[in-house]
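Q: Please work out how this folds:
(one chain, ligands or ions: 2)
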Amino acid sequence: NVIGTLRKSGSEGGDGKAVRVLVQGRVQRVAKQGGLIFVWLRRGMKRMQCVLTGDLSKTYDALVLVRETSLEIIGELWELPPGTHAPLSRELRADFFRVVAAAPGGDDALITRVPENYDTASSQASEALLNLRHLTLRHDKPSAVIYVRSVVERAFQTAYHELGVTKVSPPALVQTQVEGGSTLFSLDYYGQPAYLTQSSQLYLETLLPSLGDVYCIEKSFRAEKSLTRRHLSEYTHVEAELDFITFDDLLDHLEKLISRVVDLTLEDPVAAATIKEYNKDFVKPTMPFRRMRYSDAIDWLRERGIKNEEGNDHVFGDDIAEAAERRMTDEINECIMLTHFPAHIKAFYMQRAADDDRVTESVDILMPGVGEIVGGSMRIWDFEELLAAYKREGLDPSPYYWYTDQRKYGSSPHGGFGLGLERFLAWLLKLWTVREACLYPRYMGRCTP
Ligand code: 4AD
Ligand code: MG
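A: Numbers count the residues shown, from 1 in each chain. Ligands and ions are numbered 1, 2, ... in the order given. Below is the predicted model:
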């Protein structure tokens, strides 16, 4: 509801009619300069520079306008010459304002309680600040990260919509494990044991015969008993399952998906600016992504004297621990698709490679600065082989009857993956920890706010 045309600064004459607008928001920043008071008003991710001139600046002391006070301001909207710091090169020259609700100053001021720039690597500072996450979220970086997260999530949805893959919503309350018993959160479900899901993969697999290729963006839960930069107890898992594919199809799909999601994200100007600000050196990974077999990674680590968790040289069969993985991704400094992990260090459902029975058709995608962001594989699709896998793993097959049935009624070679959204964001935005990519992070010891 604006009347008139936007006036250009320095063209006082114009057609005599300036745009009059009413804006509402919260004070982000105040500066007194000469006889003027500059207020940056924040409304969500948007900012407007407002200037209080003449009587307004005399009547009200800038002290009233403390950070977070919500205001209503009416005035003329002016276009500024390029090169000013004003958002969108616009300025609201106020002739009226009203305090909607004041925020406290002094010791209780937001800025005193939660400083604008703090070291997320310092665990002490971040614990205290995470108690005040509801307030730190009002700062530029935390809110921008959450905004980018929403753009990335939409990008996954768009990319899958373009590919004709259907989004589904599997349950979070389950009675089967997917990724090993040690990270299960168990609960009492009307007197029966149940868990919070570790992955929606098994449910996605059941949908291939009815819906074809499917994906979901759901929460997964892991009772991780260690505090690391990249482990959460509750995280957002982008998972997909693809029917009648080969392992190479799965790898091709993953690199195309990630490239498309990065492109779509960069199409959003605010997301692109945020990535540029916090991850100056970001370069989109080029296709094809570097592919490396697990056995070659073991050689690579051994050649450089990088030891395993017991302090010995890496040998075939070792788990590549977080530290070693990080050394590899940081030194190679590009996206790596690590494939063909030994069966005994991977989950029970993984298909063995046709050319080497010791290894699986599995892939982890490793990114510089983070390490593993994706875990995927082809799935055992033969009935008898799956029964043998339960046995080997010591799993009671009975709760998995619905999963096993897929191998009975028209099975097919298929595969899929899971991508940790917070880890993807940590890579994209160069975040010190995945905790920064969550609205209200959950990890060992924290379930508040
Ligand atoms: O490698 P993971 O455990 O694989 C699965 O869960 C498969 N069932 C997925 C599938 O094939 N549908 O987990 C997949 C990804 C990891 O690569 C990582 O990005 C993320 O999920 N992830 C975590 N992110 C944050 N905190 C944790 N504790 C995570 N555990 C896994
Ligand atoms: Mg994994």
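Q: how is this structure carved up into domains?
A: 7-107, 135-437 (automatic domain parsing).
Q: Mind telling me which of those the model trusts least?
A: Per-stretch mean pLDDT for these is lowest at domain 7-107 (a mean of 84).
Q: For G376, which non-adjacent residue is spatially closest?
A: F417 (2.7 Å; Cβ to Cβ, 6 or more residues apart in numbering). For glycine as for every other residue, the C-beta is placed from the backbone atoms N, C-alpha and C.
Q: what's whichever strand or helix holds the one you found packed up against?
A: Following DSSP states H and E, one finds F417 within strand 414-420. If contacts are counted by 3 or more Cβ pairs under 8 Å, 6 or more residues apart in numbering; DSSP states H and E, strand 414-420 sits against helix 201-211, strand 234-243, helix 247-266, strand 371-378.
Q: out of these, nearest to H340?
A: Among the helices and strands packed on strand 414-420, the nearest to H340 by Cβ to Cβ is helix 247-266 (9.0 Å).
Q: In that closest one, which residues are buried?
A: 247, 250-251, 253-255, 257-262, 264-266 (16 or more other Cβ atoms under 10 Å).
Q: Show me what that helix is packed up against.
A: Applying 3+ Cβ pairs under 8 Å, 6+ apart, one finds that helix 247-266 makes contact with helix 140-162, strand 234-243, helix 269-278, strand 336-339, strand 362-367, strand 371-378, strand 414-420.
Q: Would you mind giving those as a markdown table with mean neighbour count and distance to ligand 1 added?
A: Listed next are the helices and strands packed on helix 247-266 as a markdown table, based on neighbours: other Cβ atoms under 10 Å; distance: least, Cβ to the nearest ligand atom, whole Å:
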| stretch | mean neighbour count | distance to ligand 1 |
| --- | --- | --- |
| helix 140-162 | 18 | 13 |
| strand 234-243 | 22 | 4 |
| helix 269-278 | 16 | 19 |
| strand 336-339 | 23 | 11 |
| strand 362-367 | 24 | 7 |
| strand 371-378 | 24 | 2 |
| strand 414-420 | 24 | 3 |
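Q: Might you report the residue contacts of R154?
A: Applying Cβ atoms under 8 Å, 6 or more residues apart in numbering to R154 gives the contacts L264.
Q: Likewise for T69?
A: T69 makes contact with 26-27, 99, 101-103, according to Cβ under 8 Å, 6+ apart.
Q: Of those residues, which is the most crowded?
A: Counting neighbours by other Cβ atoms under 10 Å, V27 leads these with 21 neighbours.
Q: still on that earlier bit, what bridges to the residue nearest to G376?
A: Beta-bridge partners for F417, by DSSP bridges, are A240, G376.
Q: that older thread, now distance to E179 too, for the helices and strands packed on strand 414-420, in a markdown table please.
A: Below are those laid out as a markdown table (distance: least, Cβ to Cβ, whole Å):
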| stretch | distance to E179 |
| --- | --- |
| helix 201-211 | 9 |
| strand 234-243 | 11 |
| helix 247-266 | 18 |
| strand 371-378 | 9 |
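Q: Quick one: closest of these to Y118.
A: The nearest among the helices and strands packed on strand 414-420, by Cβ to Cβ, is strand 234-243 at 23.0 Å.
Q: which stretch among the helices and strands packed on strand 414-420 comes nearest V19?
A: Nearest to V19, of the helices and strands packed on strand 414-420 and by Cβ to Cβ, is helix 247-266 at 31.7 Å.
Q: highest average neighbour count across the domains of the chain?
A: Compared across the domains of the chain, domain 135-437 shows the largest average neighbour count, a mean of 17 (mean count of other Cβ atoms under 10 Å).
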